[in-house]
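> Generate a structure from the sequence data that follows.
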Amino acid sequence: MKVGTFNCRGLGGDVKRRRISELIRLEALDFIVIQESELEMCDSTLCAQLWGSTEFEWFASPSQGRSGGLLSIWNFNRGKLVFTFSGTGFHGVCLQWGVDAYRCVVVNVYSPCQLADKRWLWEDIIMSKRGFGSCLWCIVGDFNTVRRLNERKGGIGNYGARDMEEFNSFIRDMELIDVPLVGKRFTWFRSDGSMMSRLDRVLVSESWSAHWGAGFVEVIPHDVSDHCPLILNHKVLNWGPKPFRFNNCWLSHCGIEGVVRAAWEKQVQGPWAAQRIRVKLLNVKNDLKKWNIEVFSNVDTTIKSLTNELKELDAKNEEYVLVELERNRQKKLVDGIWCARRNKLTLLAQKARIRRGKYGDLNSKYFHACIRGR
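Here you go, the predicted model:
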C-alpha cells in the first residue's frame with residue numbers, strides 16, 4: 001500500500017486542491033491522509049476533485065472553526081471499508097486490503113500542541129489498538145512533537161523534553177516502527193527559515209512491515225504549505241555497498257588470527273607506503289568477509305541444522321545404544337549449538353542500542369523489525 005500524508009494548512013483554495021490532486025496522480029497513491037483541512041463540512045464532490053476519479057471512498061472529521069480538520073481518501077478497488085473510528089486529534093479507518101483481504105488500519109493524526117491533550121490522544125490510540133485486535137497498523141500525520149533534539153533546528157534550549165520522552169514511550173507501548181526519511185531531515189519549515197522540525201512521520205506495526213516489506217518515507221519539498229508531503233514506499237532502495245563491520249564474536253574463534261595474518265602478509269605493490277597499507281587493509285577486509293561466510297554463515301540456519309541433527313541422535317539413543325563415534329558427534333553438536341547461540345547473542349548485542357537493551361527488546365519481533373528498518 002502506498003500511503004501519502006500532507007498537512008495542507010487549509011483546503012479552501014483551488015491552488016492547494018490542485019496540488020493535492022497532482023500529488024495523488026504523480027505518486028500513484030493508494031491512500032492519502034490530510035491534516036488541517038480547515039473544513040467544517042466535506043462532501044464527495046470535493047473528494048472526487050482531489051482524487052481525480054470516482055473510484056474512492058473517504059472519511060472526514062470536521063474542523064473546529066478554522067482549526068484542525070482531517071480527511072482520508074483511498075482507492076475502493078484496493079480496500080473495502082470495514083469500520084471507522086475517531087477521537088480528538090485523530091481518526092482511523094479499518095480496511096480489508098487486496099485480494100487476500102488483509103485487515104489493516106490507517107490512523108490519520110493531527111496532534112494538539114498541549115502535552116495534556118497529547119496524552120489523551122496517545123491513550124485513545126493505544127486503547128483503539130488493544131480493542132481492535134490483530135491488524136496491520138499505520139499511524140501517520142502531524143504529531144506536533146519530535147523524538148530527539150536533532151529532529152529540531154533553531155529551537156531554544158531543551159524545550160519539549162517531556163513531550164519527547166512521553167512520545168517515545170507511546171511508540172514503544174504501541175510497538176511501532178518509525179519509518180526512516182529519505183530526501184530531507186525535517187518536514188516542517190518556518191516561513192523565514194529560522195526554525196525547522198520533523199513534526200510529520202509514519203509509524204507502522206511490525207506486522208505491517210512484515211507484510212509489505214521494509215519501507216522508507218520520501219519527503220517531497222514543501223511549496224503551498226509549511227509542511228512537506230510524505231510518501232510511504234515499500235520498494236528496495238540501492239544504498240550502495242554495505243559498510244564493513246567487525247563482529248566481536250569473531251574474536252572467540254581460534255582461526256581469526258591466521259586469517260588476518262595471511263591477508264596482511266600478502267605481497268602488494270604501490271609507490272607510496274600509504275597506498276600499500278590501504279591495499280593490505282582491503283585484503284584483510286575481503287578475507288574476513290569470506291571467512292565469516294565459511295565459518296559463521298547464517299547463525300539461525302546453523303542453529304537449526306545442528307539442533308535437527310542432535311534431535312535425530314537423541315531419538316536414536318532412546319531406542320539403541322550409540323557407538324563411540326555417535327556419542328562424540330553428539331557432544332560436538334551440543335558444543336556447536338552453544339557456540340552458535342553465544343555468537344548470535346553477541347551479534348544482536350552489538351547491533352542493539354543501549355536503550356533497546358534497557359527496555360528488554362533484544363529478542364523481540366519489535367527489535368528485529370527496527371533492525372530491518374535501518
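> ranges for the helices of this structure?
Along the chain, counting by DSSP state H, helices occupy 14-27, 44-51, 115-132, 161-174, 206-212, 256-264, 273-295, 299-319, 324-351, 354-358, 365-373.
> Which neighbouring elements make contact with the second one?
Same thing as helix 44-51. Helices and strands touching helix 44-51, by 3 or more C-beta pairs under 8 Å, 6 or more residues apart in numbering; DSSP states H and E, are helix 14-27, strand 70-74. Backbone N, C-alpha and C define where each C-beta goes, glycine included.
> Least reliable of those by average pLDDT, please.
Looking over those, mean pLDDT reaches its minimum on helix 14-27, with a mean of 90.
> Can you mark which positions in it are buried?
16-17, 19-20, 23-24, 27 (16 or more other C-beta atoms under 10 Å).
> now those as a markdown table including distance to Arg162?
Below are these laid out as a markdown table (distance: C-beta to C-beta, whole Å):
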| residue | distance to Arg162 |
| --- | --- |
| Lys16 | 34 |
| Arg17 | 38 |
| Arg19 | 35 |
| Ile20 | 34 |
| Leu23 | 34 |
| Ile24 | 37 |
| Glu27 | 36 |
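> Closest one to Glu36 out of the residues you listed, please.
Using C-beta to C-beta, Lys16 is the member of the buried residues of helix 14-27 that lies nearest Glu36, at 10.5 Å.
> Can you get me the start-to-end distance on stretch 121-141?
13 Å (C-alpha to C-alpha, to the nearest Å).
> In the chain, where is pLDDT below threshold?
For the chain, the stretches with pLDDT under 70 are 155-159, 235-242, 297, 350-374.
> Could you break it into its assigned domains?
3-233, 248-373 (automatic domain parsing).
> Need the winner for burial among these.
domain 3-233 (a mean of 18; mean count of other C-beta atoms under 10 Å).
> what distance separates the start and the end of it?
Domain 3-233: ends 7 Å apart by C-alpha to C-alpha.
> Dump the helices and strands packed on helix 44-51 into TSV; add distance to Glu312 as well.
Formatted as TSV, these follow (distance: least, C-beta to C-beta, whole Å):
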stretch	distance to Glu312
helix 14-27	53
strand 70-74	52
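> ok, now which ones touch the residue nearest the centre of the chain?
For the chain, Val179 is the residue whose C-alpha lies nearest the centre (C-alpha atoms, centre = their mean; 3.5 Å). By C-beta atoms under 8 Å, 6 or more residues apart in numbering, the contact set of Val179 is 201-204, 215-217, 232, 373.
> Which ones among these map onto strands?
201-204, 216-217, 232 (DSSP state E).
> any chance of the residues you listed in TSV, with distance to Met195 too?
Formatted as TSV, these follow (distance: C-beta to C-beta, whole Å):
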residue	distance to Met195
Arg201	18
Val202	22
Leu203	23
Val204	28
Phe216	25
Val217	21
Leu232	25
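> Return the member of the residues you listed nearest to Asn150.
Arg201 (14.2 Å).
> For the closest one, name its beta-bridge partners.
Here Arg201 sits in beta bridges with Gly141, as judged by DSSP bridges.
> mind checking how far it is from Leu345?
32 Å (C-beta to C-beta, to the nearest Å).
> Asp287 now?
25 Å.
> Check Arg172 too.
On the measure of C-beta to C-beta, Arg172 and Leu345 end up 22 Å apart.
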